[in-house]
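A.B. asks: Here is my input, please return the structure:
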Amino acid sequence: MSKLNWNLDAAHSEVNFKVKHMMITNVNGKFTKFDVKATSDNEHFENPEIEFTAQTASIDTGSEQRDQHLKSADFFDVEQFPDLHFKSKSFKKIAEGEYQLEGDMKIKDVVKPVSFKIEHSGLHKDPWGNMKAGFSLEGKINRKDFGLSWNAALESGGVLVSEDVKLNAEIQMAKA
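C.D. replies: Residues are numbered from 1 along each chain as shown. Reported below is the predicted structural model:
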C-alpha cells in the first residue's frame, strides 16, 4: 500500500513559543516561515513520518531589537544556521484524538530528542473537495540544551531569560 502525502496549509497554521522574561512575565513569539511535510499509511495518520523546518530569521516577537538579538550569535546565529529542523520517530495514540509525538530536534548544530503532546482535531473536506487534517501541538524544550545559552543575572536574583521555552502550534495539513 502506498503512503499518503500531506502538505502544510500555511494560511491556516502557526508556530508559537513563550519564554519567561525577568522571572515575572512571558514573552510570546512565533516563526513566520516554516514548513511541515508528512506521510501516513492512511487518512487516520497511522504510522506517520513528519518533518518540520522553520527559518530562524523569520522569528518575530513584536520587538525588532529583541528579534535582532535572537537572530545573533548569542541565540540562533541565523547567518550560520538558517533553519531549525524536527523529524519524527514515533506518533503514539494515548487516547481518542490524543497522541505523543517524539523525534529529534536540531537547533544550530545540536540534535536532541524531544516529545510533544498532539491533539488531532480530525479530518474534513473543505468546500473545494480538499481533505484537511488539523493538529494542535504543545511541548517544552530547554533552550540551553541546544546551545542557546545567553543570559544575564538579575540584581534581585534569577536570570533575565528562562531556560524553558514553551512551544505550541496549530497545524492544518492538506492531503496531496
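
A.B. asks: Could you measure from the residue most central in space within the chain over to Ile50?
C.D. replies: Nearest to the mean C-alpha position of the chain, counting by CA atoms, centre = their mean, stands Val15 at 5.6 Å. Distance from Val15 to Ile50, counting by CB to CB, to the nearest Å: 13 Å. Bear in mind the C-beta positions are built from the backbone N, C-alpha and C, glycine included.

A.B. asks: swap in Ser162?
C.D. replies: Going from Ser162 to Ile50 by CB to CB gives 27 Å.

A.B. asks: higher neighbour count, these two?
C.D. replies: Applying other CB atoms under 10 Å to Ser162 and Ile50 shows that Ile50 carries more neighbours, namely 22 against 19.

A.B. asks: Nearest spatial neighbour of the more buried one, chain-adjacent residues omitted?
C.D. replies: Once flanking residues are discounted, Ile50 sits nearest to Ser88: 4.0 Å by CB to CB, 6 or more residues apart in numbering.

A.B. asks: got the residue ranges for the strands in the protein?
C.D. replies: Assigned by DSSP state E, the strands in the chain fall at 4-8, 14-21, 25-31, 34-40, 49-55, 59-60, 83-95, 98-107, 110-125, 131-142, 161-175.

A.B. asks: and the fifth one, which residues are buried?
C.D. replies: Residues of strand 49-55 classed as buried under the neighbour-count rule (16 or more other CB atoms under 10 Å) are Ile50, Phe52, Thr53, Ala54.

A.B. asks: Just want the angle from it to strand 131-142.
C.D. replies: Following axes from the mean of the first three to the mean of the last three CA atoms, to 10 degrees, one obtains 70 degrees for the angle between strand 49-55 and strand 131-142.

A.B. asks: Give me the packing partners of strand 49-55, helices and strands only.
C.D. replies: strand 34-40, strand 83-95 (3 or more CB pairs under 8 Å, 6 or more residues apart in numbering; DSSP states H and E).

A.B. asks: which strands and helices sit next to the last one?
C.D. replies: The one in question is strand 83-95. Packing partners of strand 83-95 (3+ CB pairs under 8 Å, 6+ apart): strand 49-55, strand 98-107, strand 110-125.

A.B. asks: Mind putting those strands into TSV with distance to Phe31?
C.D. replies: Output for those, formatted as TSV (distance: least, CB to CB, whole Å):
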stretch	distance to Phe31
strand 49-55	4
strand 98-107	12
strand 110-125	15
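
A.B. asks: hey, which of the helices and strands packed on strand 49-55 is tucked in deepest?
C.D. replies: Among those, strand 34-40 has the highest mean neighbour count (mean count of other CB atoms under 10 Å), at a mean of 19.

A.B. asks: and the angle from that strand to strand 161-175?
C.D. replies: Using the same axes, to 10 degrees: strand 34-40 against strand 161-175 is 50 degrees.
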